[in-house]
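**Student:** Fold the following and give me the result.
(chains A and B)
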Amino acid sequence: MIHVAQELAGYLSDFERFEKNGATRAASWVHELRTAAIARFAELGFPTTRHEEWKYTAVGPIAKVPFTRVGDEGPGLLSGALERLSFGPSEGARLVFVNGHYSRELSSLGALPDGVRVGSLAAALTADRERIEPHLAGHARYQDHAFVALNTAFIEDGAFLYVPPGKVVGDPIHLLFISTARGTATASHPRNLIVAGNNSQVTIVETYVGTEKAVYFTNAVTEIVVGENAAIDHYTLQRESEEAFHVATLQVHQARSSTFASHSIALGGALVRNDVNVVLDGEGSECTLNGLYMVTGQQHVDNHTRIDHARPHCLSRQLYKGVLDGKARGVFDGKIVVHPAAPKTDARQTNKNLLLSGDALIDTKPQLEINNNDVKCTHGSTIGRLDEDAIFYLRSRGIGLEAARSLLTYAFASEIINGIKVEPLRAKLDNLVATRLQNGLSMEATP
Amino acid sequence: MLEIRSLHAKTGNNEILRGIDLRVNAGEVHAVMGPNGSGKSTLAHVLAGRADYEVTAGEVVYEGKDLLTMSPEDRAREGIFLGFQYPVEIPGVSTTYFLKAAFNAIRKHRGLEELDAVDFLALIKEKTKILEMDQSLLNRPINEGFSGGEKKRNEIFQMAVLEPKLAILDETDSGLDIDALKIVANGVNALRSPDRAMLVITHYQRLLNYIVPDYVHVLVDGRIVKSGGKALALELEAKGYDWIKAEAEMAQPTSAWTGKQSR
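**Tutor:** Numbers count the residues shown, from 1 in each chain, chains lettered A, B, ... in the order given. Predicted coordinates for the structure are as follows:
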């Protein structure tokens, strides 16, 4: 580490402060994990566009700003503001994190089935060590990914959810991450671990939102371990401030005959990178990855997915849709890797993009890596503009040009929105998207 | 209601309408017939405001207003309806939602109060009966997966809901079997009224057995070459278009008209 770039130096000294102050109470195994991760981050450094996985996304804007983590300063916002920000379902448990720290005051856990554990990771690191240690950082590889390494180095808080075998959690569990940054450039590194036992079932909604129009950096990692025959529905709603940076990794490990679905909705942020990685590591497991990104202005949103078909008879379905206006730029990079040990793989991947302006840009790269002959894999991507025939058809019935354009754009996005099974979330999102379209995609005028 | 004077239109460098003159009064049904490529559909689309066609000369006055300067949506709001020869499929937008948006845009334009969802639903359910339409079609995306006959029926259904003053039906009969044709024709006939005019564009005389026109016009090479009563349609059916083409060439040498074209 003779030539540690200046960009990294800030994080390294931030880490030293972190270890000295709040983190000293941590158990030695956590301390060792953090130390290994920060060392790995220092080696890896921030990725450049020469890195194949970062070809279309330059992280310079993130690396240049000396972001520092914020300590736990209490909630700092009124619970009344929550309803406006929360956006998720009102039933079920809601865990609120302010600048990465769990807020007991703002959270409500409600009634949960026996044995279900849900709460702050910070508390669970000591109280539930035997359930956490086997999984934490066991799936999201900090050894390979700089942002995962950075998050792992700063592991402190986030959500921990454990659903015992056979338990069904009826209402969705809502994780709400609020950034209240103003003035100084702050970073938060939320770390979530979700462990679903065999035959269990649960729905999780993660929402990321900012209260101020400010530059801040969210670097989140969620690991999900899906037991045999378990069924998990996961939603991410990203509504960060338009000046914020958001990097998130969702890492999923599936056991035999399990089912997992992810719905990733990206609306906010100046520079956004989402990685969704699933390892189908048990025979007959299935996953669905859906995504919708709607961006405008100078926003940049990059979605990477990777599905490893590691066992026979697994099925995966992916549909990502993008709507890009203004000078926005989008990236979709989806990789399906079929391992030699995964015959009878059935994989399908589709990425569709709608460009609303001449200056918007999308790079789409669907990839298949097949190491087995007995598979059924399809992939494809489209980039298009609004259909002029359809616009004329609507106008010929009295619908104005702008209304026709937004109606057709809404119709394009609705395929993903209609796939949302949590009805209050679907309805609110539907409303949000419709309102945004009427206001030219901007976040500004939305509730 | 509608007066078309010496209308010329082209797409690209291709002159399609070469001087159309036509007057349509309220309460009248006019049939426009003609061979393929004569400009029938172009006339319909120019009247509806499609930007693919450029009007190079002539004028169209609709209810005392200059139609050609109006946007497609304003024409619709002023009471013009185009029944498409090839209705467009629009995935993701239900027929009900779409029609409500159209219906209320028209009401708003006319200074009328917009209808709420409940009243509107009652209205369209009533209208589905006229067209013998399955109500489940209302919740399906516009024309998506519809058969040719269902699409045409949906066009007339939309017309019944929007109640235009001037309906332009572009080959609404093409591709329909006789049962579907009768249903569509019944739908059209139910909407005939002293306040409403219709321009029925068709390739085949067959439709005119069911929708009996007041006037029949024959369009050849972008001009109306012959007009008459409904008997003209029968004559065309019996003798084809060739005799009329020959007659037209005798009567109006093309050079007299090409001189007027502005290129």
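**Student:** okay, now the closest residue to residue A:180 other than its chain neighbours: neighbour count?
**Tutor:** If you skip the residues right next to it in sequence, residue A:180 has residue A:211 as its closest partner in space, 5.0 Å away by Cβ to Cβ, 6 or more residues apart in numbering or on different chains. Where you see a C-beta, it was placed from the backbone N, CA and C, and this is true even at glycine. Residue A:211 is surrounded by 17 other residues when neighbours are defined as other Cβ atoms under 10 Å in any protein chain shown.
**Student:** swap in residue A:149?
**Tutor:** 26.
**Student:** Helix or strand: which one has it?
**Tutor:** Element membership of residue A:149, judged by DSSP states H and E, is helix A:146-153.
**Student:** by contact count, what packs against that helix?
**Tutor:** Taking 3 or more Cβ pairs under 8 Å, 6 or more residues apart in numbering or on different chains; DSSP states H and E as the contact definition, the neighbouring helices and strands of helix A:146-153 are helix A:6-20, helix A:28-44, strand A:216-226, strand A:245-254.
**Student:** burial measure for the residue of the stretch 151-300 of chain A found nearest chain B, as a count.
**Tutor:** Across the stretch 151-300 of chain A, the shortest distance to chain B (Cβ to the nearest Cβ) belongs to residue A:292, at 12.7 Å. A count of nearby residues for residue A:292, using other Cβ under 10 Å, gives 25.
**Student:** How about residue B:126?
**Tutor:** Taking other Cβ under 10 Å as the definition, residue B:126 ends up with a neighbour count of 11.
**Student:** can you list contacts of stretch B:12-28?
**Tutor:** Where contact means Cβ atoms under 8 Å, 6 or more residues apart in numbering or on different chains, the residues beyond stretch B:12-28 that reach it are B:1-10, B:30, B:39, B:42-43, B:46, B:53, B:56-58, B:165-166, B:193-199, B:214-215, B:217, B:219, B:221-224, B:257-258, B:260-261.
**Student:** Contacts for the helix or strand of chain A with the lowest mean pLDDT next, please.
**Tutor:** Taking mean pLDDT, DSSP states H and E as the measure, the helix or strand of chain A with the lowest value is helix A:79-86, at a mean of 69. Taking contacts as Cβ under 8 Å, 6+ apart, the residues outside helix A:79-86 that touch it are A:94, A:96, A:105-106, A:174, A:176, A:178, A:207, A:209, A:211, A:447.
**Student:** hmm, try it at 10 Å
**Tutor:** Helix A:79-86 is touched from outside by A:75, A:77, A:90, A:94, A:96, A:103, A:105-108, A:174, A:176-178, A:180, A:205, A:207, A:209-211, A:239, A:428, A:447, with contacts defined as Cβ atoms under 10 Å, 6 or more residues apart in numbering or on different chains.
**Student:** At which residues are the strands of the stretch 151-300 of chain A located?
**Tutor:** Taking DSSP state E, counting those that start in this stretch, the strands of the stretch 151-300 of chain A run over residues A:159-163, A:173-179, A:186-188, A:191-196, A:201-210, A:216-226, A:231-239, A:245-254, A:259-266, A:271-280, A:286-295, A:300-309.
**Student:** Turn these into JSON lines, including mean pLDDT.
**Tutor:** Formatted as JSON lines, these follow (pLDDT from 0 to 100):
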{"stretch": "strand A:159-163", "mean pLDDT": "98"}
{"stretch": "strand A:173-179", "mean pLDDT": "95"}
{"stretch": "strand A:186-188", "mean pLDDT": "93"}
{"stretch": "strand A:191-196", "mean pLDDT": "98"}
{"stretch": "strand A:201-210", "mean pLDDT": "96"}
{"stretch": "strand A:216-226", "mean pLDDT": "97"}
{"stretch": "strand A:231-239", "mean pLDDT": "97"}
{"stretch": "strand A:245-254", "mean pLDDT": "98"}
{"stretch": "strand A:259-266", "mean pLDDT": "98"}
{"stretch": "strand A:271-280", "mean pLDDT": "98"}
{"stretch": "strand A:286-295", "mean pLDDT": "97"}
{"stretch": "strand A:300-309", "mean pLDDT": "98"}
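**Student:** mind checking which of these is nearest residue A:386?
**Tutor:** Of all the strands of the stretch 151-300 of chain A, the one in closest proximity to residue A:386, counting by Cβ to Cβ, is strand A:286-295 (14.3 Å).
**Student:** how about the CA coordinates for the closest one, as CSV?
**Tutor:** As requested, the backbone C-alpha atoms of strand A:286-295 are provided in CSV (Å, rounded to 0.1, in the frame of the first residue of the first chain):
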residue,chain,number,x,y,z
GLU,A,286,-36.5,-20.5,-9.1
CYS,A,287,-35.8,-16.8,-9.2
THR,A,288,-37.5,-13.8,-10.8
LEU,A,289,-35.6,-10.5,-11.1
ASN,A,290,-37.6,-7.6,-12.3
GLY,A,291,-36.5,-4.0,-12.5
LEU,A,292,-37.7,-0.6,-13.5
TYR,A,293,-35.6,2.5,-13.9
MET,A,294,-37.0,5.9,-14.7
VAL,A,295,-34.5,8.7,-15.0
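**Student:** Distance to residue B:85 added to the strands of the stretch 151-300 of chain A, as CSV?
**Tutor:** Converted to CSV, the strands of the stretch 151-300 of chain A look like this (distance: least, Cβ to Cβ, whole Å):
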stretch, distance to residue B:85
strand A:159-163, 57
strand A:173-179, 51
strand A:186-188, 58
strand A:191-196, 55
strand A:201-210, 47
strand A:216-226, 53
strand A:231-239, 44
strand A:245-254, 49
strand A:259-266, 39
strand A:271-280, 45
strand A:286-295, 35
strand A:300-309, 41
